[in-house]
Structures are given as C-alpha cells and as structure tokens.
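[1] have a look at this fold, sequence not included:
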C-alpha cells in the first residue's frame with residue numbers, strides 16, 4: 001500500500017516539474033510570434049501606397065556634394081559659344097571684306113538729310129569735289145526739293161545707295177546710283193543732275209496720288225517734272241550757296257554737270273522740232289521738248305515760281321476735278337501742265353506750246369486755271 005502511494009507521489013512531482021518546464025519555454029525561451037494584432041496592422045491608405053525601395057542615406061562620413069551655381073540657359077537656336085573670349089562690342093572680330101562687295105560706309109558719308117551707303121572709296125576719291133562737299137550737296141538737294149514742294153517730303157532722310165548695275169533709280173526712301181554714275185566717268189564730277197532727278201521722281205510721286213493720276217503712265221509728266229526738279233535744286237543752291245556751305249570748287253562742278261545737262265535737253269528739243277514736232281505723250285522726246293521750255297521759263301522769269309507749279313500736283317486739289325474719272329487723255333495731260341505753268345508765272349503760255357503741236361482743250365484749260373488759282377491763294 002505504502003509502496004503504491006509512494007509511486008503516486010513520484011508521478012505527481014514529475015508532472016509538476018514538467019508543467020514548470022513548459023511554462024519556462026513559452027514565456028522565456030520561445031521566440032515571439034510574428035502575427036500582428038488588428039490594431040497593429042497598417043491602414044487602407046498605407047496599404048495602397050506603392051512599395052518603393054528604400055535608399056539608405058549616404059554615409060555620414062562623406063562630405064555633402066556642393067553643386068555649382070546654376071547657369072542661365074542660352075536662347076533657343078543660338079549657335080554654340082566659342083571657347084575663346086568674345087571681343088568687346090565696340091571692336092568686332094576682324095574679317096577681310098569680300099572684294100566683290102562695297103565697303104561699309106563711315107560716319108563721314110552721311111549728312112543731316114541724306115547719306116551715301118555702301119559705296120566703295122573709289123566713288124569719292126575719283127571726285128574733284130571732297131567727300132564732305134558731296135554730302136553737303138546731297139543735303140541741299142533734299143532741302144531744295146522740300147522747299148519746291150512747300151514743305152512736303154516723301155521721307156525725312158534720303159538714302160543714296162550703291163547698286164553697281166544701275167545708272168540711277170529710285171528707292172522708297174531715297175535713290176540708287178551705280179558704276180555708270182561714278183565721277184571718274186564724268187571727268188571727275190559727280191552726277192549731280194542724276195541724283196536730283198531721281199529724288200525729283202520721289203518728291204512728286206511719293207507725296208501725291210494726284211500726280212500719279214495725271215502722270216502715269218508715260219514719260220511726258222514723269223520725266224519732264226523730274227528734270228525740272230533737278231534744275232530747280234541747282235539754281236536754288238546757286239542762290240544760297242553760302243548759307244548751304246557750298247564752296248567755289250563745288251559750284252564749278254555743279255556748273256559743269258548742269259551745263260552739260262542743259263545742252264543735252266536743248267539738243268533733244270531741237271531734235272523734236274526737226275522731226276516735225278510730233279506730239280506723243282508716251283515718247284520721251286516729247287517730254288524733253290517740255291523740259292527745255294520749262295528750263296527757259298525758270299531762267300527768264302525766276303525759278304522760285306515753280307513752288308506754285310508743285311502745288312498744282314498736290315493731293316488737296318484733286319477733289320476739284322472730274323475729268324480724270326474716265327482716265328487721263330494726252331490732251332488733258334497736256335492742257336493741265338500748260339495751265340499750271342501759266343499760273344506759276346502768271347502768264348499764258350498756250351501760244352508757245354501750240355507752236356510745238358501740244359494739244360490744248362481751251363474749255364478744260366479755263367476750268368483748270370481757275371481752280372488752281374483758287375487753290376494756290
């Protein structure tokens with residue numbers, strides 16, 4: 001009996017110590033479970049964030065990278081910058097000029113009202129007149145034409161540009177001269193008449209639509225009034241040469257060129273007579289007969305009277321007439337200029353032009369005369 005009781009006690013003791021060992025394992029030796037509780041789980045928002053690899057920060061022992069200051073971006077489409085430093089703005093990189101291109105103008109080639117642009121130096125060195133005087137004459141031609149047109153001008157500054165193939169032609173803001181107009185081809189004298197002639201086209205055509213209505217097409221009024229413009233500038237310079245600062249050597253050069261021009265116009269006038277005085281407003285010879293008569297009137301009666309003639313071609317008078325509404329005929333064109341000349345000099349030149357076979361409509365003449373007189377008061 002005692003022996004069985006002792007065995008029972010032994011089993012109880014062994015079971016007790018086994019239970020103690022399991023508890024020690026669970027609470028002391030065994031690792032914790034990895035399953036988290038509901039309260040420890042991430043929220044819906046946290047679960048939906050994309051998973052990104054975690055980049056560890058740089059070692060604390062490395063110094064921070066210092067970035068250079070940001071440089072401004074070059075403008076789009078700009079050429080790459082040269083490694084060499086650019087010269088200062090006032091000293092452009094030297095380059096040899098192309099022998100086929102004119103040399104760029106210097107400041108001494110421009111005056112107050114006009115300037116020569118793009119001409120090779122030979123244009124000036126061939127002249128018997130120094131460059132400074134050439135610029136002064138160009139300025140006075142502009143001033144003279146502005147005076148002739150009673151203050152009207154097509155531009156405030158006349159560009160005189162070099163264009164090798166041309167002789168002389170107009171620009172919207174000036175004129176062009178070419179190799180054929182070099183002083184060396186005129187015994188050293190600049191082509192003063194050509195310069196003023198081309199500007200004459202601009203002062204009439206560039207200031208008045210009415211002039212274009214009357215004068216286009218054909219050379220009759222276009223060319224004759226350009227020739228008149230040139231001779232007006234010449235005589236205006238002679239009258240005020242000291243005011244304009246034109247020296248005697250330059251006056252001699254002007255005399256040379258315009259004397260030749262006058263002789264040419266006289267020869268063409270005589271040719272018109274010898275060929276039977278055949279009036280044709282589309283023929284240059286007819287306009288040259290008119291040229292010569294206008295030169296004579298200026299010489300005999302005074303050049304400043306031509307300011308009144310210029311007024312007869314201003315836009316302001318156009319609304320006074322209706323004859324042009326169906327186009328301007330040769331008779332109307334001829335009648336208009338003869339009436340305008342009569343008003344300019346307060347004379348009746350109809351007899352002079354009838355001897356040259358210029359057609360005149362007397363009824364229209366009287367209408368034009370009275371309306372221009374009223375306009376020019």
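    Right, received. Where do you want to start? Computed from a predicted structure; not experimentally measured.
[2] please count neighbours and contacts with C-alpha atoms only from this point.
    Fine.
[3] using the three-state scheme, assign residue 348.
    Classification of residue 348 by DSSP: H, G, I helix; E, B strand; the rest coil places it in coil.
[4] helices of this protein, start to end?
    Here the chain has its helices, by DSSP state H, at 2-24, 44-48, 121-125, 131-148, 192-205, 209-215, 219-239, 241-244, 248-274, 284-301, 306-311, 330-345, 350-354, 362-375.
[5] return the angle between stretch directions for the fifth one and helix 248-274.
    Think helix 192-205. Helix 192-205 and helix 248-274 are oriented at 70 degrees to each other (axes from the mean of the first three to the mean of the last three CA atoms, to 10 degrees).
[6] poorly predicted segments of the stretch 201-350 of the chain, please.
    By pLDDT under 70, the stretch 201-350 of the chain contains no weakly predicted segment.
[7] if the closest residue to residue 159 other than its chain neighbours is in a bridge, with which residues?
    Excluding its sequence neighbours, the residue lying closest to residue 159 (CA to CA, 6 or more residues apart in numbering) is residue 174, at 4.6 Å. On the basis of DSSP bridges, residue 174 is bridged to residue 159, residue 171.
[8] could you give the number of residues near residue 174?
    A count of nearby residues for residue 174, using other CA atoms under 10 Å, gives 23.
[9] so what's it up against?
    By CA atoms under 8 Å, 6 or more residues apart in numbering, the contact list for residue 174 reads 157-161, 199, 202.
[10] distance of the closest residue in space to residue 307 that isn't next to it in sequence relative to residue 358?
    Leaving aside its chain neighbours, residue 307 sits nearest to residue 148 (4.7 Å; criterion: CA to CA, 6+ apart). Computed as CA to CA, to the nearest Å, the residue 148 to residue 358 distance reads 26 Å.
[11] more crowded one of these two?
    Taking other CA under 10 Å, residue 148 and residue 358 do not tie; residue 148 has more neighbours (25 against 22).
[12] so how far is residue 230 from that one?
    For residue 148, the distance to residue 230 - CA to CA - is 11 Å.
[13] for the stretch 51-200 of the chain, give me the ranges with low pLDDT.
    Within the stretch 51-200 of the chain, the stretches with pLDDT under 70 are 51-108.
[14] tell me where it has strands.
    114-117, 158-162, 168-171, 174-177 (DSSP state E, counting those that start in this stretch).
[15] indicate which one of those is closest to residue 241.
    Closest approach to residue 241 among the strands of the stretch 51-200 of the chain (CA to CA): strand 114-117, 17.6 Å.
[16] buried stuff in stretch 323-333?
    By neighbour count on 16 or more other CA atoms under 10 Å, the buried set for stretch 323-333 is 328, 330, 332-333.
[17] as TSV, those residues with distance to residue 117 would be great.
    Compiled in TSV, those are given as follows (distance: CA to CA, whole Å):
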residue	distance to residue 117
328	39
330	39
332	41
333	37
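[18] of these, closest to residue 309?
    Using CA to CA, residue 333 is the member of the buried residues of stretch 323-333 that lies nearest residue 309, at 14.3 Å.
[19] quick one, what contacts that closest one?
    Residue 333 touches 214-215, 221, counting by CA under 8 Å, 6+ apart.
[20] check residue 294 too.
    Taking CA under 8 Å, 6+ apart, one finds residue 228 in contact with residue 294.
[21] quick one: it from residue 114, how far?
    With CA to CA as the criterion, residue 294 and residue 114 are 27 Å apart.
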